[in-house]
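S.K.: Turn this into a model:
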Amino acid sequence: MTTTIPHPIPYQGSKRALAAKICTLFPDRIETLYEPFAGSAAISIYAAHHNLAKEFVIADSLPELIGLWKEIIDNPARTANRYEEIWSGNQERSPTYFNEVRERFNSERDPVDLLYLIVRCVKNAVRFNRHGHFTQSSDKRRLGTNPKKMGASIHSVSDLLKGRTKLLCGDFIKTIE
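M.R.: Numbering: from 1, shown residues only. Sure, this is the predicted structure:
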């Protein structure tokens, strides 16, 4: 297992920087760790990396985010390849490419398109309008996570969570029931 904790989804407001501190508050021998506001699933990834729980429930109210976690965990090679395909689609650094992917995501709801949008949007700050359309603009200063690095993170997280994670989409109250 690598010493660096993988994080394929950079998310503004992620608990990644706080995960070590938060996890010190956990009791010993957790059977199932519930993360009802998963986002980047920073707590689950940290806990899995340090064997703090046997099983995990990753939940969020955004269906495409849960779909992305399903793809990352169950199909890491396909997810990494699809991300690389999307990321590489902007070889000419077209100023409109991000908007094309955003429009496609808003109509087709492909979870890997969402991953690309998250890594490329301003400050990784995910924003949706009241109709559920992704509205954040691209960060013109950077191209997002390189596909090789992203692929390594995806595969590492899949290794940590596969076979011991349940994914739920919906309100946090239902998750913690």
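S.K.: which residues sit in contact with residue 44?
M.R.: When contacts are counted by CB atoms under 8 Å, 6 or more residues apart in numbering, residue 44 touches 33, 35, 38, 56, 58, 161, 165. For the C-beta atoms, the positions are set from N, CA and C on the backbone; glycine is no exception.
S.K.: quick one, phi psi at residue 170?
M.R.: Dihedral pair for residue 170: phi 150, psi -170, per degrees, to the nearest 10.
S.K.: Does it touch residue 59 like I think?
M.R.: Yes. Taking contacts as CB atoms under 8 Å, residue 170 lies within contact range of residue 59: 6.9 Å.
S.K.: Between those two, point out the one with more neighbours.
M.R.: With neighbours defined as other CB atoms under 10 Å, residue 170 and residue 59 compare such that residue 59 has more, 23 against 13.
S.K.: Just give me the least confident of the contacts of residue 44.
M.R.: Within the set of the contacts of residue 44, pLDDT is lowest for residue 38 (89).
S.K.: Mind listing what's buried along the top helix by length along the chain?
M.R.: In the chain, assigned by DSSP state H, the helix with the most residues is helix 147-161. Neighbour counts over helix 147-161 (16 or more other CB atoms under 10 Å) mark 147, 150, 151, 152, 153, 154, 155, 156, 157, 158, 160, 161 as buried.
S.K.: all helices of the protein, in order?
M.R.: Under DSSP H, the chain gives helices at 19-23, 42-49, 63-74, 76-88, 97-108, 111-120, 147-161, 172-176.
S.K.: Can I get those in a markdown table including distance to residue 129?
M.R.: A markdown table is the format used below for the helices of the chain (distance: least, CB to CB, whole Å):
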| stretch | distance to residue 129 |
| --- | --- |
| helix 19-23 | 30 |
| helix 42-49 | 26 |
| helix 63-74 | 15 |
| helix 76-88 | 22 |
| helix 97-108 | 9 |
| helix 111-120 | 14 |
| helix 147-161 | 27 |
| helix 172-176 | 22 |
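S.K.: which one of those helices has the lowest average pLDDT?
M.R.: What stands lowest among the helices of the chain, in mean pLDDT terms, is helix 172-176, with a mean of 83.
S.K.: Name the residues that touch that helix?
M.R.: Here helix 172-176 has contacts from 34, 36, 37, 57, 59, 61, 168, using CB under 8 Å, 6+ apart.
S.K.: Extract the C-alpha set from stretch 120-132 and format it as CSV.
M.R.: Included here for stretch 120-132 are C-alpha records, laid out as CSV according to Å, rounded to 0.1, in the frame of the first residue of the first chain:
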residue,chain,number,x,y,z
ARG,A,120,-11.1,21.6,-14.3
CYS,A,121,-13.5,24.0,-12.7
VAL,A,122,-12.6,27.1,-10.7
LYS,A,123,-11.2,26.1,-7.3
ASN,A,124,-12.8,22.7,-7.7
ALA,A,125,-16.0,24.4,-6.5
VAL,A,126,-18.9,22.4,-7.8
ARG,A,127,-21.9,24.5,-8.5
PHE,A,128,-25.4,23.5,-9.8
ASN,A,129,-28.3,25.7,-10.6
ARG,A,130,-31.9,25.0,-9.5
HIS,A,131,-32.5,22.9,-12.5
GLY,A,132,-29.6,20.6,-11.6
